[in-house]
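K.L.:
What would the 3D arrangement of this be:
(one chain, ligands or ions: 1)
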Amino acid sequence: MCYCRTRAELDAYLVASPIRKRAIQRITDVIGTYNDLRDRIFSRHPDLFPEEVYNIETFLWSFGILFSRLVRLPSMDGRVALVPWADMLNHSPEVETFLDFDKSSRGIVFTTDRSYQPGEQVFISYGKKSSGELLLSYGFVPKEGTNPNDSVELLVSLDKSDNCYKEKLQALKRNGLSESESFPLRVTGWPVELMAYAFLVVSPPDMSQCFEEMAAAASNKTSSKPGLNYPDLEEQALQFILDCCESNIEKYTKYLEGGAGSPEVPMNAKQANRTLLLKQLARDLCISERRILYRTQYKIEGHERRRT
Ligand SMILES: C[S@@+](CC[C@H](N)C(=O)[O-])C[C@H]1O[C@@H](n2cnc3c(N)ncnc32)[C@H](O)[C@@H]1O
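P.N.:
Presented below is the predicted three-dimensional model:
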């Protein structure tokens, strides 16, 4: 199942989470595809595509099913397929299993990483996905602290009142970045690219010769290179990350303590149940994401304590 089907639902439930932006993009894409098909095909052939079946509601539902059930087949250049028996498998981040097209038997083969007893549930991994990604595509959130691939995006921005705002922005742009960027935080730490971005944000004018190097290091989002090291700026850079974490924690806390909102629509029993489920999932996600922010906060404060 896909998590939310309307913008109003996303605004009501995912307001505190950065995953909301991705969800909006996804819904916008699906609605765009539907509108395009409606204008070019459905409306021209109403006998073949009756409105009571080919409407936006069923289209969104179908995409939800598709997103939660399609599998990528590595030996077929990552082509996607619906595999009826394989879509009964639930996700576990702890297994390493493979589902692929086997050329010799011309079928889809499922290979497990260990043997199973009769009656034991067999899991598959849907990929190294954060809890937010699992919620968006599959409509569930793993129990807090059980997803080793969990992460939360931290949005950081240049300060417009910075005397070097223009030079810093130019350096970022030359490296394919903009004045606001998101970096994934995990319970295990933060990426060196975030630290490089933070160095750039807090750099004084007399370090302008380093802006390019910092922006380049911030842009290398997938590299595992060792990070930059500016001992004199480290405290300020960490403080900058800490401030961003704290303002995000506040957003989550406000949302969680205020009680998740609901779109203002009259409801029947089925809708009320759905609302309850969406609220609970949003709460679970927010608690998981806030936990990563708390962990980051704790680590940075620990770092600062060791310095003093
Ligand atoms: C490919 S189907 C798996 C089979 C599904 N359980 C069924 O009965 O049809 C994907 C859906 O299963 C559910 N699911 C898979 N793994 C889960 C898990 N670890 N916890 C909770 N729900 C899960 C989610 O609803 C997801 O959208």
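
K.L.:
what mean pLDDT does whichever helix or strand residue 271 is part of have?
P.N.:
Take DSSP states H and E as the rule and residue 271 turns out to sit in helix 269-307. Summarised as a single mean, pLDDT over helix 269-307 is 91.

K.L.:
can you tell if that helix touches the ligand?
P.N.:
No: Helix 269-307 lies out of reach of the ligand by CB under 6 Å from any ligand atom, never closer than 10.3 Å. Quick note: C-beta positions are derived from backbone N, CA and C, even for glycine.

K.L.:
Could you check how far that helix is from the centre of its chain?
P.N.:
Distance of helix 269-307 from its chain centroid, counting by CA atoms, centre = their mean, to the nearest Å, is 13 Å.

K.L.:
Pull out the buried positions in it.
P.N.:
By neighbour count with 16 or more other CB atoms under 10 Å, helix 269-307 contains the buried residues 275, 278-279, 281-286, 288-293, 295-297, 299-300.

K.L.:
What of stretch 99-115?
P.N.:
For stretch 99-115, the neighbour count (16+ other CB under 10 Å) marks 99, 101, 108, 110 as buried.

K.L.:
Need the per-residue pLDDT for residue 98.
P.N.:
On pLDDT, residue 98 comes in at 85.

K.L.:
I figured it hits residue 110, correct?
P.N.:
Yes: counting by CB atoms under 8 Å, residue 98 touches residue 110, with 7.3 Å between them.

K.L.:
What is the distance between stretch 164-175 and the centre of its chain?
P.N.:
27 Å.

K.L.:
Please enumerate residues in contact with it?
P.N.:
158-159, 162, 178-179, 181, 200-201, 203, 205, 208, 211-212, 214-216, 218-219 (CB atoms under 8 Å, 6 or more residues apart in numbering).

K.L.:
Pull out the buried residues from those residues.
P.N.:
Buried subset of the contacts of stretch 164-175 (neighbour count, 16+ other CB under 10 Å): 158, 162, 181, 200-201, 203, 211-212, 214-216, 218-219.

K.L.:
between those residues, which is nearest the ligand?
P.N.:
Distance to the ligand across the buried ones among the contacts of stretch 164-175 (CB to the nearest ligand atom) is lowest for residue 181, with 30.5 Å.

K.L.:
so what's the closest one bridging to?
P.N.:
According to DSSP bridges, the residues that bridge with residue 181 are residue 156.

K.L.:
Pull up the residues of the stretch 101-250 of the chain that are close to the ligand.
P.N.:
So the stretch 101-250 of the chain meets the ligand at 138-140 (CB under 6 Å from any ligand atom).

K.L.:
Relative to residue 45, which of those is nearest.
P.N.:
The shortest gap between residue 45 and any of those belongs to residue 139, at 32.3 Å (CB to CB).

K.L.:
Helices of the protein, start to end?
P.N.:
Assigned by DSSP state H, the chain shows helices spanning 7-13, 19-40, 56-69, 131-138, 165-174, 192-202, 211-219, 231-258, 269-307.

K.L.:
looking at the ones you listed, which has the lowest confidence?
P.N.:
Of all the helices of the chain, the minimum mean pLDDT falls on helix 7-13 (a mean of 86).

K.L.:
List the buried residues in that one.
P.N.:
Under 16+ other CB under 10 Å, the buried positions of helix 7-13 are 9-10, 12-13.

K.L.:
And stretch 230-243, by the same measure?
P.N.:
230, 233-234, 237-238, 240-242.

K.L.:
same deal with stretch 16-31?
P.N.:
Using 16+ other CB under 10 Å as the test for burial, stretch 16-31 gives 16-20, 23, 26-27, 30-31.

K.L.:
so how far is stretch 32-50 from its chain's centroid?
P.N.:
32 Å.

K.L.:
correction: stretch 241-256
P.N.:
Counting by CA atoms, centre = their mean, stretch 241-256 comes out at 17 Å from the chain centroid.
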